[in-house]
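K.L.:
Quick one: sequence plus predicted model below, questions after.
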Amino acid sequence: MPEKPTKVLIVDDDPFILDMYVLKFKERGFEVVTATDGKLGLVKINEEKPDVVLLDVVMPTMDGFDVLQELKKQEKTAMKIIMLTNLGQKEDVERGMSLGADDYVIKAHFTPSEVVNKVMSVMGMQK
C-alpha cells in the first residue's frame with residue numbers, strides 16, 4: 001500500500017501567497033489544506049490533523065502567535081509548526097520559537113521551493 005502523502009496546512013491571509021505555496025507543495029507530492037486566518041487555522045488543525053503547519057503571523061481575527069499559544073494549551077505537539085512570515089525582528093523570532101514553533105522562516109529570504117525544502121528538512125524527509 002502506498003504511503004499517504006504528508007499533509008501541510010498553510011495559514012495565511014494573502015491569497016497570492018496561498019496559491020503560490022499550494023502549487024509548490026502539490027508539485028512535490030504534499031497534500032495541501034489552507035486557512036485564511038488564525039481562527040480558521042485552528043479549526044482546520046483539529047479537523048485535518050496536518051503533519052506540518054506553515055503559520056503566518058500577521059492575520060485578521062487571530063495572529064500566528066495567538067494560534068501558537070492556543071495550540072500549546074491544547075498540547076498539539078505531534079505536528080511540526082513552522083512560522084512563515086515577514087516579521088523578521090529578533091524578538092519576533094524568539095517569541096515564535098519560545099511559543100513552540102519548530103522553525104521560523106522569513107518569506108522574503110526564501111523562494112517557495114526553498115520553503116518546501118525547509119519543510120522537508122524539518123520533517124526528516126528526503127529532498
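P.N.:
It's in. Small disclaimer: the values here were computed from a predicted structure and weren't measured. Numbering: from 1, shown residues only.

K.L.:
now the spatially closest residue to Ile106 that is not a sequence neighbour: how far from Arg95?
P.N.:
In this structure, Ile106 finds its nearest non-sequential neighbour in Gly88, 4.3 Å apart by Cβ to Cβ, 6 or more residues apart in numbering. Where C-beta positions appear, they are placed from N, C-alpha and C, glycine not excepted. Distance check for Gly88 against Arg95: by Cβ to Cβ, to the nearest Å, it reads 12 Å.

K.L.:
swap in Leu55?
P.N.:
According to Cβ to Cβ, Leu55 stands 13 Å off from Arg95.

K.L.:
give me the low-pLDDT residue ranges for the chain?
P.N.:
Within the chain, the set of residues satisfying pLDDT under 70 comprises 1-2, 76-77, 127.

K.L.:
Contacts only, for the residue nearest to Ile106.
P.N.:
Gly88 is in contact with Ile106, Ala108, His109, counting by Cβ atoms under 8 Å, 6 or more residues apart in numbering.

K.L.:
contacting residues around the first one?
P.N.:
With contacts defined as Cβ under 8 Å, 6+ apart, the neighbours of Ile106 are Thr85, Asn86, Leu87, Gly88.

K.L.:
Wait, the second one touches His109, no?
P.N.:
No - counting by Cβ atoms under 8 Å, Asn86 stays clear of His109, with 9.3 Å between them.

K.L.:
Pick out whichever of the two has more residues nearby.
P.N.:
Each of Asn86 and His109 has its neighbours counted (other Cβ atoms under 10 Å); Asn86 has more, 13 against 10.

K.L.:
Skipping adjacent residues, who's closest to the more buried one in space?
P.N.:
Distances taken as Cβ to Cβ, 6+ apart put Lys107 closest to Asn86, at 5.0 Å, once the chain neighbours are dropped.

K.L.:
Which residues are in contact with the one you found?
P.N.:
Here Lys107 is in contact with Ile17, Leu84, Thr85, Asn86, Val115 (Cβ under 8 Å, 6+ apart).

K.L.:
Tyr104 now?
P.N.:
By Cβ under 8 Å, 6+ apart, Tyr104 lies in contact with Ile82, Met83, Thr85, Asp92, Val93, Gly96, Met97.

K.L.:
I'd like those residues laid out as TSV, including secondary structure, neighbour count and distance to Glu70.
P.N.:
Output for the contacts of Tyr104, formatted as TSV (DSSP: H, G, I helix; E, B strand; the rest coil; neighbours: other Cβ atoms under 10 Å; distance: Cβ to Cβ, whole Å):
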residue	secondary structure	neighbour count	distance to Glu70
Ile82	strand	21	17
Met83	strand	26	15
Thr85	strand	24	17
Asp92	helix	18	18
Val93	helix	18	20
Gly96	helix	24	14
Met97	helix	14	17
